[in-house]
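J.: Provided below are the primary sequence and the corresponding predicted coordinates.
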Amino acid sequence: MALRVGVVGGGQLARMMIAPAVELGIELRVLAEEERMSASLAATAVGDYRDATTVLEFAREVDVLTFDHEHVPQDVLAALVEAGVAVRPGPDPLQFAQDKLLMRARLQELGMPQPEWAAVTDAEQLRAFLDAHGGRAVLKTPRGGYDGKGVRVVSTAVEADDWFAALTEDARGGALLAEELVDFTRELAQQIARSPSGEVRAYPVVETVQRGGVCAEVIAPAPHAAGRLSDVAAHIGVGVAEGLGVTGMLAVELFETTDQRLLVNELAMRPHNSGHWTQDGAHTSQFEQHLRAVLDLPLGDSAPIATWSVMVNILGGPADGALDERFAAAMAAHPAAKLHTYGKAPRPGRKVGHVNAIGDDLDEVAYEARAAASFFVD
Ligand SMILES: Nc1ncnc2c1ncn2[C@@H]1O[C@H](COP(=O)(O)OP(=O)(O)O)[C@@H](O)[C@H]1O
Ligand SMILES: [Mg+2]
């Protein structure tokens, strides 16, 4: 009988697990937030992932439960584990992807390099942090942020008045995360796959280009990173995966500083935008690897199949909303580019698809991916 994997969340990450699941004969089921989502091509139940009864009922039909996002509350995760559900990654590692303050404290215990940071509960504490860090800081809401939402560069404490007010209103209290404003030359991401029996595979470290807090492009492997830089990145990635006991795919977002250090920005414990290139540029895509890892199957080869891969996100989509019509034109102009679409309605800034290109010449590959992606945005 086919192994059954349940994915909580119906977004594009769940959607992109469907193709490798079909290939491997894995039955994929999705617990989606609503009807007609990205991943609704798979067998889909619709329900609230914050409701323990709903998720438990969904989990009863599968062998392993995994995620498209990190928002399932800890009490729901605890109820699942209590009921004997194989939850991968488990609640313990997941808390460090859910809460950036917990992550900073745990990474510090593990001795991982990271920006200087502090938990700040009021304007006074933020002022002290600013004074100690050259008058500027990056302030983050510890939970629920994504694509730059929940991240602010501040130089005065008043710029955070609304966030501190929200903290005061929240009965649970809590704190904001203040970080030094890192002087980085570029951002990198290191992906690691780890299975419950402890097998680990590292992907090559990649360069990620952010625009307005959103990932715009990824270059794999990161140029000029062979040798020390990629060794250090892999070492950090494996250290985090093993130190936190992650199962499945882990992405470690990194800053490369002007003085050539690598600092950990944040963690994701699921397939990640920085790994979409692996669909067409690696022996084993991150989506197949995630399924293998959470099922404790042997992991696949994570080596690239080309000298260079470039991934370009399609953000927003055409103003008239008709994404499909653009496909034929992009395909005709760029037959070697690989188009991926998420079945989502275009909205400004929304990730609705991406393009991958591979080859020997980085300039050519980047041109191919960008040119094909440009067909989808006005
Ligand atoms: N300490 C920092 N110093 C400089 N830039 C930062 C810092 N933290 C975050 N950033 C910038 O903001 C972006 C989003 O921050 P991140 O913590 O990754 O939030 P998100 O959860 O939205 O991805 C990062 O990719 C980086 O470009
Ligand atoms: Mg990030």
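T.: Great, that's in hand. Computed from a predicted structure; not experimentally measured. Ligands and ions are numbered 1, 2, ... in the order given.
J.: in this structure Q125 contacts D131, no?
T.: No - proximity of Q125 to D131 does not meet the contact threshold set by CB atoms under 8 Å, at 10.7 Å. C-beta: built from backbone N, CA, C; applies to glycine.
J.: of those two, who's got more company?
T.: Q125 (17 against 9; other CB atoms under 10 Å).
J.: give me the pLDDT for that one.
T.: Note for Q125: predicted pLDDT of 97.
J.: Three-state assignment for it, please.
T.: Secondary structure state of Q125, per DSSP: H, G, I helix; E, B strand; the rest coil, is helix.
J.: ok, it - contacts?
T.: By CB atoms under 8 Å, 6 or more residues apart in numbering, Q125 lies in contact with 118, 178.
J.: what about dumping the CA coordinates of the longest helix along the chain to PDB?
T.: Counting by DSSP state H, the longest helix found in the chain is helix 228-244. C-alpha atoms of helix 228-244 as PDB (Å, rounded to 0.1, in the frame of the first residue of the first chain):
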ATOM      1  CA  ARG A 228      35.700  28.100   2.500                       C
ATOM      2  CA  LEU A 229      32.400  30.000   2.200                       C
ATOM      3  CA  SER A 230      30.400  27.000   1.000                       C
ATOM      4  CA  ASP A 231      32.000  24.800   3.600                       C
ATOM      5  CA  VAL A 232      31.200  27.200   6.400                       C
ATOM      6  CA  ALA A 233      27.600  27.500   5.100                       C
ATOM      7  CA  ALA A 234      27.100  23.700   5.000                       C
ATOM      8  CA  HIS A 235      28.700  23.400   8.400                       C
ATOM      9  CA  ILE A 236      26.200  25.900   9.900                       C
ATOM     10  CA  GLY A 237      23.300  24.200   8.100                       C
ATOM     11  CA  VAL A 238      24.200  20.700   9.300                       C
ATOM     12  CA  GLY A 239      24.800  22.100  12.800                       C
ATOM     13  CA  VAL A 240      21.400  23.700  12.900                       C
ATOM     14  CA  ALA A 241      19.600  20.700  11.500                       C
ATOM     15  CA  GLU A 242      21.300  18.300  13.900                       C
ATOM     16  CA  GLY A 243      21.300  20.700  16.900                       C
ATOM     17  CA  LEU A 244      17.600  21.300  16.600                       C
END
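J.: next secondary structure element downstream of that helix?
T.: As assigned by DSSP states H and E, the chain's next helix or strand after helix 228-244 is strand 248-257.
J.: near ligand 1, anything from that next one?
T.: Yes - taking CB under 6 Å from any ligand atom as the criterion, strand 248-257 and ligand 1 are in contact, through E253.
J.: what angle separates that strand from helix 228-244?
T.: Strand 248-257 runs at 130 degrees relative to helix 228-244, counting by axes from the mean of the first three to the mean of the last three CA atoms, to 10 degrees.
J.: from the contact counts, what lies against strand 248-257?
T.: strand 184-194, helix 228-244, strand 262-268, helix 286-294 (3 or more CB pairs under 8 Å, 6 or more residues apart in numbering; DSSP states H and E).
J.: of those, which is nearest V30?
T.: Smallest distance to V30 across those (CB to CB): 13.1 Å, for helix 286-294.
J.: one step back: avg pLDDT for the longest helix of the chain?
T.: Computed over helix 228-244, the mean pLDDT rounds to 98.
J.: contact partners of it?
T.: With contact meaning CB under 8 Å, 6+ apart, helix 228-244 is reached by 92-93, 96, 106-107, 110, 112-113, 188, 190-192, 194, 198, 200, 202, 204-205, 221-222, 225, 246, 250, 252, 254, 256, 260, 262, 264, 267.
J.: could you redo the last one with a cut-off of 6 Å?
T.: By CB atoms under 6 Å, 6 or more residues apart in numbering, the residues outside helix 228-244 that reach it are 93, 96, 110, 190, 192, 194, 200, 202, 205, 250, 252, 262.
J.: let me know the closest of the residues you listed to T307.
T.: For these, the nearest to T307 is V205 (15.3 Å; CB to CB).
J.: wait, isn't that closest one in contact with I192?
T.: No - using CB atoms under 6 Å, V205 is not in contact with I192; the gap is 10.5 Å.
J.: helices of the stretch 101-250 of the chain, start to end?
T.: Applying DSSP state H, counting those that start in this stretch to the stretch 101-250 of the chain gives helices spanning 123-132, 161-169, 228-244.
J.: what parts of this structure come near ligand 2?
T.: Taking CB under 5 Å from the ion as the contact definition, the chain meets ligand 2 at 253, 266.
J.: if we can go back for a sec, what is the orientation angle of the longest helix of the chain with strand 184-194?
T.: Angle, helix 228-244 to strand 184-194, by the same axes, to 10 degrees: 50 degrees.
J.: now helix 228-244: how far from the chain's centre is it?
T.: In terms of CA atoms, centre = their mean, to the nearest Å, the centre of helix 228-244 is set 17 Å apart from its chain centre.
J.: now swap in stretch 186-203 and tell me
T.: 12 Å.
J.: now that stretch: buried residues?
T.: For stretch 186-203, a neighbour-count test (16 or more other CB atoms under 10 Å) marks 186-196, 200-203 as buried.
J.: report the closest residue of the stretch 251-378 of the chain relative to ligand 1.
T.: For the stretch 251-378 of the chain, the residue closest to ligand 1 is E266, as judged by CB to the nearest ligand atom, at 4.6 Å.
J.: which residue sits closest to the spatially most central residue of the chain, ignoring its sequence neighbours?
T.: Nearest residue to the geometric centre of the chain (CA atoms, centre = their mean): H272, 3.3 Å. Nearest residue to H272, sequence neighbours excluded (CB to CB, 6 or more residues apart in numbering): A251, at 3.5 Å.
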